[in-house]
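**Q** got a predicted model here, sequence first, then my questions.
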Amino acid sequence: MKLFATLFFVTFAISCSFSVKVDTPTKSINEITCTDNSCIGTYYGPEFINGSDVAHQFSNMMSQVVGDKLKELYANKEFSKVNFGEIKMSTKGMGSGTVTYEL
């Protein structure tokens, strides 16, 4: 199966999925969901916390989750690769102090 990292509003519903959700004290929400075919993620919250670029940190979190999923598939002899041309990103609210960052 192909892992198409079509990370923005992908509607694959496969039984082999997992979700990571983290609520922080700053009222931000990180959620990443992966299937054998795709990963999607959303961060909603402050753009910066103590001068730190939170969106960049969310990108790193997404990369880690996608990498872990690829390793899982490889271990199960399901060989996949990322379709980089299909990656989409949205940063609604940027510059307002609160952002919705979607991959």
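**A** Arrived safely, thanks for sending. Every value quoted in this text rests on a predicted model; they were computed, and no experiment measured them.
**Q** so, low pLDDT: which residues of this protein?
**A** Scanning the chain for pLDDT under 70 picks out the ranges 1-27.
**Q** just the strands in it please.
**A** For the chain, the strands defined by DSSP state E occupy 18-23, 29-34, 39-46, 48-49, 52-53, 90-92, 98-102.
**Q** pick the most buried one from the ones you listed.
**A** Most buried of the strands of the chain, by mean neighbour count (mean count of other C-beta atoms under 10 Å): strand 39-46, with a mean of 21. (C-beta placed from N, C-alpha, C; glycine too.)
**Q** which residues touch the most centrally placed residue in the chain?
**A** Here the mean C-alpha position of the chain is nearest to the C-alpha of residue 41 (C-alpha atoms, centre = their mean), at a distance of 3.2 Å. Contact partners of residue 41, counting by C-beta atoms under 8 Å, 6 or more residues apart in numbering, are 7, 30-33, 58, 61-62, 65, 102-103.
**Q** how much space between the residue lying closest to it once chain neighbours are set aside and residue 68?
**A** Spatial nearest neighbour of residue 41, excluding adjacent residues (C-beta to C-beta, 6 or more residues apart in numbering): residue 32 at 3.9 Å. As judged by C-beta to C-beta, to the nearest Å, residue 32 and residue 68 stand 10 Å apart.
**Q** give me the outermost residue of the protein relative to its centroid.
**A** Quick read of the chain (C-alpha atoms, centre = their mean): farthest out is residue 77, 23.4 Å.
**Q** what are the phi and psi angles of it?
**A** phi 60, psi 30 (degrees, to the nearest 10).
**Q** same deal with the one 3 residues further on?
**A** Taking degrees, to the nearest 10, you get phi -140, psi 160 for the backbone angles of residue 80.
**Q** please begin residue numbering at 49 from this point
**A** With the count now opening at 49, the last piece we talked about shows up as residue 128.
**Q** test my guess that it contacts residue 121.
**A** Yes: here residue 128 reaches residue 121: they are 5.0 Å apart, a contact under C-beta atoms under 8 Å.
**Q** so which of the strands of the chain comes closest to residue 132?
**A** Residue 132 sits nearest to strand 87-94 of all the strands of the chain, at 13.0 Å, using C-beta to C-beta.
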